[in-house]
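Chemist: quick one, fold the following:
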Amino acid sequence: MSQVHVKSPQHCAKRRLETEKLYKKLFYGFSTVLLSFLSFIFLIWLILHPTKPEHALKETNIYQLNLSGPHLLNSTIQLTLLSTNPNQKVGIYYDQLQVYASYKGQQITADTSLPPFYQGHQDANLLTASLIGSLLPVAPSFGYEVVLDKTAGKFVLSLIINGQLRWKVGTWVSGRYRFNVNCVAIMPFGPSIPSGPLSSKHGTQCSTTV
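Modeler: Coordinates of the predicted model:
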């Protein structure tokens, strides 16, 4: 004859209690590991959270700004820009850089590409670009706006940089982030200004967004 084992209600309740304790231990263990991992990531982020790069316009020269017909513009502009990485532990890869000049909201040069480069901790790089526009369409009011600026004695030019960068911490490199740099150059302009290119050699801090 085979034996029949009958479990008492107390025995079943004890097994259920042990199972619940096991699940609770697993849950608490997993929660502890996850919380520790997230805390570690947050701590690293607090320590290494990168500060956005800084840019300053050092020099701007306008060699050509002529209308060909009523609405087509030819332009030649040279700029020198100082790019600085203020981070002590974070490097920056600049993957794409597109530069152009703008006057009163109108783009007056074609986009010019700058070569990609790496910027080490607290490094600074001097960037130069030649911006050229050939028969670019402009608003009918362009010539009138230039005359007004000449009467006011100053010419205000915006220089825009759009690009992508990556942060580097040790051997880890982040994904790409879009960034924008907006610089303003103010140049003396008027009948009393000697002939030659319009120039601005006063350092101007640019706004940078990432």
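
Chemist: show me the contacts for the residue most central in space within the chain.
Modeler: In the chain, the centroid-proximal residue (CA atoms, centre = their mean) is Phe179; its distance is 2.0 Å. By CB atoms under 8 Å, 6 or more residues apart in numbering, Phe179 lies in contact with 52-53, 162-165, 208-210. Glycine gets a C-beta too; all of them are placed from N, C-alpha and C.

Chemist: all helices of the protein, in order?
Modeler: All helices of the chain, identified by DSSP state H, fall at 9-48, 142-152.

Chemist: weakest of those helices by average pLDDT?
Modeler: Note on the helices of the chain: lowest mean pLDDT is at helix 9-48, with a mean of 71.

Chemist: ok so, going back, using a markdown table, lay out the contacts of Phe179 together with distance to Tyr144, pLDDT and neighbour count.
Modeler: What follows is these, written out as a markdown table (distance: CB to CB, whole Å; pLDDT from 0 to 100; neighbours: other CB atoms under 10 Å):
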| residue | distance to Tyr144 | pLDDT | neighbour count |
| --- | --- | --- | --- |
| Lys52 | 38 | 93 | 16 |
| Pro53 | 38 | 96 | 20 |
| Asn162 | 29 | 97 | 15 |
| Gly163 | 33 | 95 | 19 |
| Gln164 | 38 | 96 | 16 |
| Leu165 | 39 | 96 | 23 |
| Thr208 | 33 | 94 | 16 |
| Thr209 | 32 | 94 | 9 |
| Val210 | 37 | 90 | 13 |
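
Chemist: now, which of those residues sits nearest Ser75?
Modeler: Taking CB to CB as the measure, Ser75 lies nearest Asn162 of the contacts of Phe179, at 18.7 Å.

Chemist: and the closest residue to that closest one other than its chain neighbours, what are its bridge partners?
Modeler: For Asn162, ignoring the flanking residues on the chain, the nearest one in space by CB to CB, 6 or more residues apart in numbering is Gln98 at 5.0 Å. Bridge pairing for Gln98 (DSSP bridges) gives the partners Ser113, Asn162.

Chemist: I'm done for today, thanks for sticking with me.
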